[in-house]
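Engineer: Predicted model and sequence follow; I will ask about them next.
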Amino acid sequence: MWIEFANFYENYNELENANQIYYKASNLEFKSVDELSLVVSAWAEMHIRHGNLGSATEIIKNAVSTKSQK
């Protein structure tokens, strides 16, 4: 659901809104790590599609370091 919501904004080139959706989703408690990894992966992939490789790398680094500390 979160990924589809963010994709809606991405399709209209509203990347700021899509980022906000992914950020909120990445901070939720999911039933499994797999669900969270899908959100983080989709977020990073969006950045890659738009040529923001540095941002994609930071999203992955942050997700791995933040979630492993909890």
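Structural biologist: Arrived safely, thanks for sending.
Engineer: Tell me where this structure has helices.
Structural biologist: 2-11, 15-26, 33-49, 53-69 (DSSP state H).
Engineer: mind listing what's buried in the third one?
Structural biologist: Neighbour counts over helix 33-49 (16 or more other C-beta atoms under 10 Å) mark 36, 39, 40, 42, 43, 44, 46, 47 as buried. (C-beta placed from N, C-alpha, C; glycine too.)
Engineer: What of the last one?
Structural biologist: Using 16+ other C-beta under 10 Å as the test for burial, helix 53-69 gives 55, 56, 59, 63.
Engineer: For that helix, the averaged confidence score.
Structural biologist: Across helix 53-69, pLDDT averages out at 85.
Engineer: and that helix, what other elements does it pack with?
Structural biologist: helix 33-49 (3 or more C-beta pairs under 8 Å, 6 or more residues apart in numbering; DSSP states H and E).
Engineer: now the angle from the helix it packs on to helix 53-69?
Structural biologist: Taking axes from the mean of the first three to the mean of the last three C-alpha atoms, to 10 degrees, one finds that helix 33-49 is oriented at 160 degrees with respect to helix 53-69.
Engineer: Give me the contact list for helix 33-49.
Structural biologist: Residues from elsewhere that reach helix 33-49, judged by C-beta atoms under 8 Å, 6 or more residues apart in numbering: 2-3, 6-7, 10, 15, 18-19, 22, 25-26, 30, 53, 55-57, 59-60, 63, 67.
Engineer: gap between it and the chain center?
Structural biologist: 5 Å (C-alpha atoms, centre = their mean, to the nearest Å).
Engineer: Quick check: pLDDT value at the residue most central in space within the chain.
Structural biologist: Central residue of the chain (C-alpha atoms, centre = their mean): residue 43, 2.8 Å from the mean position. We have a pLDDT of 98 for residue 43.
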